[in-house]
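*Asks:* return atomic coordinates for the entry below.
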Amino acid sequence: MSAVLNFFPVPVDDECLSDDGRRSGVCLNTYECRIQGGASHGPCALGFGVCCVFTATCGQEIFNNVTYFVNPHFPGLSTSSSTCTITIKKVVPNVSQLRLDFVHFSMGQPNRRTGVCDSDMFLMSAGPARQLTLCGQNSGQHMYFDVDSVRDPISITMNLSRSDLSRIWEIKVSQIVFNQRAPAGCLQYHQGETGIIRTMNFADNGRHLANQDYLICVRQESGMCSIAYEPCDENSFRIGPPENQADEGSGGGDTRECDDRIVMPCDSEDFIMPKQNGGGMGGVCDLLHCGSSFCSPGEGPCRVESSTTPFNIRVQFGPGKENESPDDNIGMCLRYEQLPCTS
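*Replies:* Down below sits the predicted model:
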C-alpha cells in the first residue's frame, strides 16, 4: 500500500523543512524527488510525500522552487582558480523575484584601497542590463533580484582568479511569485519589529564594496508607525574619511558631497533637498550620513528616528578611489526597532 501512496499527487508549491532542521526543500512524492535529482530528507504532507532538498554546483541548472547553490566539494573549501556558473530557469511564468539567502558566503576580499571586487567576484545577471556584483564575507545576508519581465537566461557566476584563497558558499535560491514579492526596488527586505541591517561585506577585516546603489527596506509591521536606528557598536559606522577630511554625520555640514553615503528619509523640513543634478529630488526629505559617525559629532545617545514610510535606507557607494584607508570604509551595521503608533 505504501508504494502506491508514494505516487499520489503532492502539492509541489509547499516548502518544507528537512529532517535535520537546517535546509528547506520542496514537498514531492518519492518518485518525483528521485527523477528530479533531489534528496529525500524526511516526510511531509502527512507522510504522503518527502521533503526533497535540491543542490546544484558548477555547470548545473536550477529549475525548482528552492535550490542550494554550493561550491565544489562542499562542505569542504574550494581553492582553485576557476569560473563556476549555474543557470536558473523560472518554475512558472509568474515568478517575479529570486531571493538569495547567503547561508555561507566567504570569498576573496575586494581591493583594500578601492573596494572593487578585482580578485574574486560573484556576478548575478539576467542579460546585459541587469547585473549585481559582490565579493568578500556575506554570510547571513540576503538579497532579492527582480526577474518579472526577464526573458534572458538568469545566471550566477563565481569568478575565482587566485589559487591561494579558500572559499566556501552555500546560497539558498528561492523563486518568488508576484503576490509574495518584496516591494519593487528593494535589494534587501527585512521583516520583524526589531532586526539588524548591514552593508555588504561588513566584517572584522572587511571593507565596504564600491559601485553599490541599492535600497534596504524594512516591512512596516502592524501597529507600528515609526522606526529608530542606532549603530550596532561604536565602530559599526565608518563610511568615508574621518572628521578632519569630511563633514561627519547628518548635521556636520554639507554631507551631500560625500562620494560614499547612506540616505535615510527624515521628518524635518530643514533637510528638504533642492532639486539639482546628482542631488536628490525636490520636495523629498533626505537625511544623508557619511564619515566615521552615524550621528552628528557630540550627539548622544546616537539614535535616529523616522516616521516616513515606507521604511528604507538607500546605500550609495561610488567608484573606488586609490589610497583610501580600509579602516575608514568598514561600512555600516545598524540595529532597528519599530515604534508603536500613539493615539
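
*Asks:* what about stretch 42-52, distance to the chain center?
*Replies:* 31 Å (C-alpha atoms, centre = their mean, to the nearest Å).

*Asks:* and for stretch 318-337?
*Replies:* 16 Å.

*Asks:* the strand ranked longest in the chain - contacts with which helices or strands?
*Replies:* Under DSSP state E, the strand in the chain containing the largest number of residues is strand 95-106. Under the contact definition 3 or more C-beta pairs under 8 Å, 6 or more residues apart in numbering; DSSP states H and E, strand 95-106 sits against strand 142-146, strand 168-177. For every residue, glycine as well, the C-beta is placed using N, CA and C.

*Asks:* out of the ones you listed, the one nearest C186 is which?
*Replies:* Closest to C186 of the helices and strands packed on strand 95-106, according to C-beta to C-beta: strand 142-146, at 6.1 Å.

*Asks:* tell me, how many residues neighbour C225?
*Replies:* For C225, the neighbour count with other C-beta atoms under 10 Å is 12.

*Asks:* and of the helices and strands packed on strand 95-106, who's closest to M224?
*Replies:* That would be strand 142-146 among the helices and strands packed on strand 95-106, by C-beta to C-beta, at 21.4 Å.

*Asks:* list the residues that contact the nearest residue to S18 once chain neighbours are set aside.
*Replies:* In space, and not counting its chain neighbours, S18 is closest to H41: 3.6 Å by C-beta to C-beta, 6 or more residues apart in numbering. The contact partners of H41, by C-beta atoms under 8 Å, 6 or more residues apart in numbering, come to 18-20, 23, 25, 50-53.

*Asks:* pairing partners for the helix or strand harbouring H41, with directions?
*Replies:* Element membership for H41, per DSSP states H and E: strand 39-44. Its sheet considered, strand 39-44 pairs with strand 49-53 (antiparallel) by DSSP bridges.

*Asks:* what does the strand it pairs with contact?
*Replies:* So strand 49-53 is contacted by 10, 16-19, 23-30, 32-33, 36, 38-44, 68 (C-beta under 8 Å, 6+ apart).

*Asks:* now for the helix or strand following that strand, which elements pack on it?
*Replies:* Sequence-wise, the next helix or strand downstream of strand 49-53 (DSSP H and E) is strand 55-56. Under the contact definition 3+ C-beta pairs under 8 Å, 6+ apart, strand 55-56 sits against strand 66-70.

*Asks:* quick check: neighbours of the helix or strand following the strand it packs on in the sheet, parallel or antiparallel?
*Replies:* Per DSSP H and E, the first helix or strand lying C-terminal to strand 66-70 is strand 82-88. In the sheet, strand 82-88 lines up against strand 61-62 (parallel), strand 154-160 (antiparallel) (DSSP bridges).

*Asks:* got TSV for these, with distance to D260, mean neighbour count and mean pLDDT too?
*Replies:* TSV is the format used below for the strands paired with strand 82-88 (distance: least, C-beta to C-beta, whole Å; neighbours: other C-beta atoms under 10 Å; pLDDT from 0 to 100):
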stretch	distance to D260	mean neighbour count	mean pLDDT
strand 61-62	34	18	94
strand 154-160	24	20	95
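
*Asks:* distance to S343 for these - can I get that in JSON lines?
*Replies:* Formatted as JSON lines, these follow (distance: least, C-beta to C-beta, whole Å):
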{"stretch": "strand 61-62", "distance to S343": "49"}
{"stretch": "strand 154-160", "distance to S343": "47"}
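
*Asks:* for D20, give me its contacts.
*Replies:* Contacts of D20 (C-beta under 8 Å, 6+ apart): H41.

*Asks:* over to it. Which of the three states is it?
*Replies:* coil (DSSP: H, G, I helix; E, B strand; the rest coil).

*Asks:* so how far is V26 from it?
*Replies:* 16 Å (C-beta to C-beta, to the nearest Å).

*Asks:* ok, now N138?
*Replies:* On the measure of C-beta to C-beta, N138 and V26 end up 25 Å apart.

*Asks:* sounds good, over and out.
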